[in-house]
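[1] here is a sequence with its predicted model. Questions after.
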Amino acid sequence: MAPKDPLLGSLKVCVLNLQSDGETLTDSNPHLASCCELLELVLRKGLQQPVLSLVHRDYWHCFEQLPHQDTCGSLSALSLAVEQTRVCRKLLSAQGRGRYLLRLALSRKVLPQFFTHLLHTARLLEWYSPDLSILRNEEFMEPFLSLLLVLSHMDFKLDMENCSFLDESWLLPVCEMYEVVPCRELGLVLRYLSGRVFVLDLMPGSQADVDRFVCPGDIIDEINGTSLRNSKSGHAGVVLSRFKGCPLSIRIIRWRAHNGTVYRPLIKFLRELRTENPTLHLGPASSLQAFTLLPRDDGDAIYKPCHWLDPPMSSKHTIGCVHRDSPETPQSTGFCCVALRASSIKECEDIVCRIATGFKHTEWFV
């Protein structure tokens, strides 16, 4: 009877569950984190630590060396994945980079290639114990590679930008984009804690207060593509000043998890914030209808109602639009507003007034 490894048995069950979940697999899949964690355990099993080194060796260090140690010449896809992982500023540890690379390999369907190249790179394979590692056991490697091949035929659509907590956990937070028109004052009171930028409060009457999209306890993850991971005090202000007068796309990490409870990796931080600020109230994400300004191909802007907590996205309807008052003078800050859909004159006026109010705190006017 062939020997069995409990990790491979668990991984097989997880892969079968993923197979039964449909064609496209996203971050919301309940079996994804377990699958990734089992892959990580396989990669760590039997990984030997160097005798004379202060650096704790992890499987990322093995994959990082693969493009340099493997001389077969067919590593272009793997090299690109390793390089993308290496330069990601949201990752600070070998653990975070290894997890990001596994997710990236699943998305790009190249996970089996990483292991096949590792198996014929003797210098790296020696990092693993021949007595303990699955990677150095021929009887285990065949079923393991078969499972990887099954995974490579699945369609993973993963949000690779949602990676700021991979250093701590496989559990991903709720991550949303906050689109802001150019404004004089965004109005967020921030607290820098352990390299993260927490929102403490919203200034009354500010743009953020009007939008009611960001909540106390949320984290600003990036602004217009600039990561705020590992930020020091004042960094967010410096980034915002760089984009003064420009529309802002702010990636927000919610303090509330997908299941409605507090996102587990944030519990210790929120407790510390509560200790410092006893009056801190972790407001729920707004369930009210919010409006975002979206660009249109012809240069106009459309206000679309977005039910942030009420999918599906197909429930959006265009109810109004704004366009430049003087198209021939692009520097003009004047806009005309038109209601496109309303059940009555009063509702039409209300739509126009609400859009105009949204411009109150911006550098534009209606």
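    Nice, I can see it.
[2] pretty sure Asp21 sits against Ser28.
    No: contact criterion CB atoms under 8 Å: Asp21 and Ser28 do not qualify, at 10.2 Å. For the C-beta atoms, the positions are set from N, CA and C on the backbone; glycine is no exception.
[3] more crowded one of these two?
    Between Asp21 and Ser28, counting by other CB atoms under 10 Å, Asp21 is the more crowded of the two (15 against 8).
[4] next one: that one from Leu54, what distance?
    Noted for Asp21: a distance of 43 Å to Leu54, by CB to CB, to the nearest Å.
[5] same check, this time on Leu135
    25 Å.
[6] domain ranges for this protein?
    6-157, 175-276, 290-358 (automatic domain parsing).
[7] Three-state assignment for Phe198, please.
    strand (DSSP: H, G, I helix; E, B strand; the rest coil).
[8] run through the residues that contact it.
    190-192, 217-219, 269, 273 (CB atoms under 8 Å, 6 or more residues apart in numbering).
[9] swap in Ser206?
    With CB under 8 Å, 6+ apart, Ser206 has these contacts: 185-188, 361.
[10] for the stretch 1-150 of the chain, which spans come out with low pLDDT?
    1-3, 71-74 (pLDDT under 70).
[11] now the strands: where do they sit in the stretch 51-200 of the chain?
    155-157, 175-180, 188-193, 196-202 (DSSP state E, counting those that start in this stretch).
[12] among those, which is nearest Ser34?
    strand 155-157 (14.4 Å; CB to CB).
[13] and that closest one, what does it pack onto?
    If contacts are counted by 3 or more CB pairs under 8 Å, 6 or more residues apart in numbering; DSSP states H and E, strand 155-157 sits against strand 24-26, helix 94-108.
[14] ok so, going back, winner for burial among the strands of the stretch 51-200 of the chain?
    strand 196-202 (a mean of 20; mean count of other CB atoms under 10 Å).
[15] mean confidence for it?
    Mean pLDDT, computed over strand 196-202, is 95.
[16] go on, stretch 209-219?
    For stretch 209-219, mean pLDDT is 93.
[17] how about stretch 233-243?
    Here the average pLDDT along stretch 233-243 is 92.
[18] that stretch: which residues count as buried?
    Under the neighbour-count criterion of 16 or more other CB atoms under 10 Å, stretch 233-243 has 235-236, 239-240 buried.
[19] any chance you could list what contacts that stretch?
    Contacts of stretch 233-243 (CB under 8 Å, 6+ apart): 186, 190, 192, 197, 220, 223-224, 226, 228, 248.
[20] can you tell me the closest non-neighbouring residue to Pro67?
    In this structure, Pro67 finds its nearest non-sequential neighbour in Ser79, 4.4 Å apart by CB to CB, 6 or more residues apart in numbering.
[21] how close does Lys90 get to Leu228?
    From Lys90 to Leu228 the distance is 9 Å (CB to CB).
[22] which residues do those two both contact?
    Contacts common to Lys90 and Leu228, judged by CB under 8 Å, 6+ apart, are 221-222.
[23] can you pull the contacts of the residue nearest in space to the middle of the chain?
    In the chain, the centroid-proximal residue (CA atoms, centre = their mean) is Asn162; its distance is 1.1 Å. Applying CB under 8 Å, 6+ apart to Asn162 gives the contacts 27, 172-173, 175.
[24] would you map the helices across the stretch 51-200 of the chain?
    59-69, 76-87, 94-108, 111-119, 122-125, 138-152 (DSSP state H, counting those that start in this stretch).
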